[in-house]
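>>> Have a look at this prediction, sequence included:
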Amino acid sequence: MKILNWGLAILIAAFFVMMGSQKFMGANPIFQYIAEHSGIGLFEPGVRMLTGAAEIAAALLILLPRTRTLGALLAIAVLAGAIVFHLSPWLGISVSTAFTADGGYGEKTPMIFIMAVSFLVLSAGLLFIQRKQAATA
């Protein structure tokens, strides 16, 4: 169980570091798209930066055994928020993950939604393992 706990923790943390660091590298098509379609300009860059910070924080918390439960809860919250936006009329399940040369959006794919759902399940599994280990300790 300990190997599974660490394996999940490292996998989820790596995912969140990758996704979180992308949020700090400039405009993001997903947040730009939500800002344009919702009429709420705060999404780009405000919510993008806040989401990136939350993702990096979740990764760091997950890597530390003492704070892993809190990190898993934060990961679940971030991913649940992402799934809610994917199911909203502002974004949709299939989204473009790149800008085109003419300033538009590239080909749409459900990959980001699938990753959000997958890592939500993995984070919930990590939380379950953490709680089970805490109960037996």
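Yes, it's here.
>>> Now for S118: which residues touch it?
Taking CB atoms under 8 Å, 6 or more residues apart in numbering, we find S118 in contact with no residue. (Glycine included, C-beta is placed from N, CA and C.)
>>> tell me which element it falls in.
Element membership of S118 [criterion: DSSP states H and E] is helix 111-136.
>>> Counting neighbours, show which residues of that helix come out buried.
Residues I112, F113, A116, V117, F119, L120, L122, S123, L126, L127, I129, Q130 are the ones in helix 111-136 that count as buried (16 or more other CB atoms under 10 Å).
>>> Now do the helices in this structure.
Listed in chain order, the helices of the chain (DSSP state H) span 2-23, 29-38, 46-63, 68-87, 111-136.
>>> For S94, which of these is the nearest?
The closest of the helices of the chain to S94 is helix 111-136. By CB to CB, the value is 7.4 Å.
>>> still on that earlier bit, angle of the helix holding S118 against helix 29-38?
Interaxial angle, helix 111-136 versus helix 29-38 (axes from the mean of the first three to the mean of the last three CA atoms, to 10 degrees): 110 degrees.
>>> Quick one: mean pLDDT for helix 111-136?
Mean per-residue pLDDT for helix 111-136: 94.
>>> and the angle from that helix to helix 46-63?
Using the same axes, to 10 degrees: helix 111-136 against helix 46-63 is 40 degrees.
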